[in-house]
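>>> starting from these lines, generate the structure:
(2 chains, ligands or ions: 1)
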Amino acid sequence: MSDIAHHIPEPILAAYAASSLPRVFEVVVATHISMCDSCRGALAAHEALGGTVLEGLAEAPVSDTLLAGVMDRLDHAQPDAAPAPKREGIYPGPVMAALKSRPPRWKSLGFGVKQAILEAGDDGSLRLLHIPPGRAVPDHGHNGLELTLVLQGSFSDETGAFGVGDLEVADGDLEHTPTAGEEAPCICLAATDAPLRFQSFVPRLLQPLFKI
Amino acid sequence: MVITIDPPAAQIAPCLPAAGALVRDERPTVAPKDELSEQTQQMLAVRDRRDKRAFAALFDYYAPRLKGFVMRGGMDAAQAEEVVQEVMLTLWRKADQFDPERAQVSGWIYQITRNRQIDTVRRTARPMPEELREPEGHDPDPGQMLALEQETEELRGALARLKPDQREMIERAYLGELTHQEINTQTGVPLGTIKSRIRLGLERLRHELKELREP
Ligand SMILES: [Zn+2]
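Residues are numbered from 1 along each chain as shown, chains lettered A, B, ... in the order given. Below you'll find the model as predicted:
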């Protein structure tokens, strides 16, 4: 846990605290925080600042009956409907929630690389990637932001080395070729707010088909 | 805005005194209760004794602020009061999760409110980190609680000293009106010290959880 070297950038943490981050990135941020006390503490600091903002805004008087209404409901306050999913193996709670507590449904991308799409919609896509030891994933660029979090093994690329718990933040400019470490298959959680542009490996035309 | 980046975590936390290393009598003799804010004391009364009068006092303090906060986000008064009710009920229901060594009431309410607003808009539960609960019989450290209150007080002071346009940017950021790309200029609210303080609370908790597992 203390070996994590690549953390969540402050603007992304602040946006997560303020709930202004697209949902697919929230899953990655929540997963990293489940693995990283440093970012858990940093998030709480942003929430403290949010609380300070909340306290300092202009007050709006509430209706006279509101308090009585709430007091009446205290004794009947419903407990939580369903408890949040727990970590299973390498998958922390937020990943299990995105998986709906089912095992990932891997689909081959060729050359031993597999992916399991967890969410794909207008605000981006979320998937798990499985890369065999030593294998490189072809060059790809991004139209938008991509967050990649290592859950097992490691990978390295032009920007550095990433182990379990490390988060890579790639913006529109980065074109990189991640290569999995030799020690084990690398499993990552990756979120993008735009479709990836692969430059080799899978022809561009097939992208809609494979949802990559 | 800044949201000043602080020293890496490793620098922050010298070892905590091992449990038992600090004999109770050596702790500061000031009655710490008297120095905790009213809201913290009331929240602890709600958590530990299910005290309804304390809850009503929290309601009186936070409900108008919450309503103002939610209406700033564009909700009408009636909808905003719905949210206020839901948030205050959540506060009551989840009171056992309140940990004054890691969070202040206002920060906790802020988090509950943002979650609530998002859940309503998206109609699905917001992705949340795994919870870190304090173990049964956790013996809170009054020094840590007080220090966190002081840090929060300093945060309030720093926010108040900002130029109006800077403060406006911070407000917009934490009201959720800015994207992460827009949250990137200097604002001058240093989060580093409160971050270190919260980390101490987390480390103490981790330490206790570890001891539970390895008696
Ligand atoms: Zn981190």
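>>> okay, CA-based contacts and neighbour counts for the rest of this
Will do.
>>> what's the local residue count around residue A:78?
Applying other Cα atoms under 10 Å in any protein chain shown, we find 11 other residues in the vicinity of residue A:78.
>>> quickly note the distance from the closest residue to it other than its chain neighbours to residue B:44.
By the measure of Cα to Cα, 6 or more residues apart in numbering or on different chains, the closest residue to residue A:78 outside its immediate chain neighbours is residue B:93, 7.6 Å from it. Distance of residue B:93 to residue B:44, given as Cα to Cα, to the nearest Å: 13 Å.
>>> swap in residue A:72?
21 Å.
>>> so for those two, which residue has more residues nearby?
Each of residue A:72 and residue B:44 has its neighbours counted (other Cα under 10 Å); residue B:44 has more, 21 against 10.
>>> now do the buried residues in the helix or strand hosting that one.
Taking DSSP states H and E as the definition, residue B:44 sits inside helix B:38-49. Residues of helix B:38-49 classed as buried: B:39, B:40, B:41, B:42, B:43, B:44, B:45, B:46, B:47 (neighbour count, 16 or more other Cα atoms under 10 Å in any protein chain shown).
>>> what's the answer for stretch B:152-171, then?
B:152, B:154, B:155, B:156, B:159, B:166, B:167, B:169, B:170, B:171.
>>> what's the mean pLDDT across the host helix or strand of the third one?
Okay, so that is residue B:155. Element membership of residue B:155 [criterion: DSSP H and E] is helix B:142-161. The average pLDDT for helix B:142-161 rounds to 93.
>>> what about the helices in the chain?
This is for chain A. A:10-17, A:23-35, A:37-56, A:66-73, A:93-98, A:207-210 (DSSP state H).
>>> sorry, should have said chain B
B:9-12, B:38-49, B:52-72, B:77-93, B:105-122, B:142-161, B:164-174, B:192-213.
>>> right, so of those helices, which gets closest to residue A:51?
When those are compared by Cα to Cα, helix B:105-122 sits nearest residue A:51, at 4.0 Å.
>>> so where's chain B shaky on pLDDT?
For chain B, the stretches flagged by pLDDT under 70 are B:1-34, B:184-188, B:215.
>>> same thing with chain A?
Along chain A, the parts satisfying pLDDT under 70 run over A:1-2, A:79-81, A:138-143, A:195-212.
>>> and the residue nearest the centre of it?
Most central in chain A under Cα atoms, centre = their mean is residue A:28, positioned 1.1 Å from the mean C-alpha point.
>>> touching, that one and residue A:190? I think so.
Yes: using Cα atoms under 8 Å as the test, residue A:28 is close enough to residue A:190 to be in contact (7.4 Å).
>>> so what sits against both of those two?
Listed as contacting both residue A:28 and residue A:190 by Cα atoms under 8 Å, 6 or more residues apart in numbering or on different chains are A:147, A:148, A:149.
>>> correct me if wrong: residue A:105 contacts residue A:127.
No: Residue A:105 is beyond contact range of residue A:127, at 10.3 Å (criterion: Cα under 8 Å).
>>> overlap in contacts, these two.
What both residue A:105 and residue A:127 touch, as defined by Cα under 8 Å, 6+ apart, is the set A:116, A:117.
>>> who's more crowded, these two?
Taking neighbours as other Cα under 10 Å, residue A:105 and residue A:127 compare with residue A:127 leading, 25 against 12.
>>> for that one, which residues count as its bridge partners?
Partner residues in beta bridges with residue A:127, using DSSP bridges, are residue A:117, residue A:190.
>>> give the contact list for it.
By Cα under 8 Å, 6+ apart, the contact list for residue A:127 reads A:115, A:116, A:117, A:118, A:119, A:189, A:190, A:191.
>>> of those, which is the most crowded?
Highest neighbour count within the contacts of residue A:127, by other Cα under 10 Å: residue A:191, with 28 neighbours.
>>> contacting residues for that residue?
A:24, A:25, A:28, A:124, A:125, A:126, A:127, A:146, A:147, A:148.
>>> residue B:97 contacts residue B:133, doesn't it?
Yes: using Cα under 8 Å, residue B:97 is in contact with residue B:133, at 6.7 Å.
>>> up against the ion, what does chain A have?
For chain A, the contact set with the ion under Cα under 5 Å from the ion comprises A:7, A:36, A:39.
>>> what subset of those is buried?
A:7, A:36, A:39.
>>> how close does the last one get to residue B:39?
Right, the one you point to is residue A:39. Counting by Cα to Cα - residue A:39 and residue B:39 are separated by 26 Å.
>>> got a list of what residue B:36 touches?
With contact taken as Cα under 8 Å, 6+ apart, residue B:36 is in contact with B:145, B:146, B:149.
>>> so which of these is the most crowded?
Highest neighbour count within those: residue B:145, with 24 neighbours (other Cα under 10 Å).
>>> not counting residues beside it along the chain, what's closest to that residue?
Of all residues beyond its chain neighbours, the one nearest residue B:145 is residue B:101 (4.9 Å), with distances taken as Cα to Cα, 6+ apart.
>>> that neighbour and residue B:198 touch, don't they?
Yes: assessed by Cα under 8 Å, residue B:101 is found in contact with residue B:198 at 7.1 Å.
>>> who has more neighbours out of the two?
Taking neighbours as other Cα under 10 Å, residue B:101 and residue B:198 compare with residue B:198 leading, 28 against 24.
>>> ok, so of the contacts of residue A:127, who is nearest residue A:135?
For the contacts of residue A:127, the closest approach to residue A:135 (Cα to Cα) belongs to residue A:115, at 14.2 Å.
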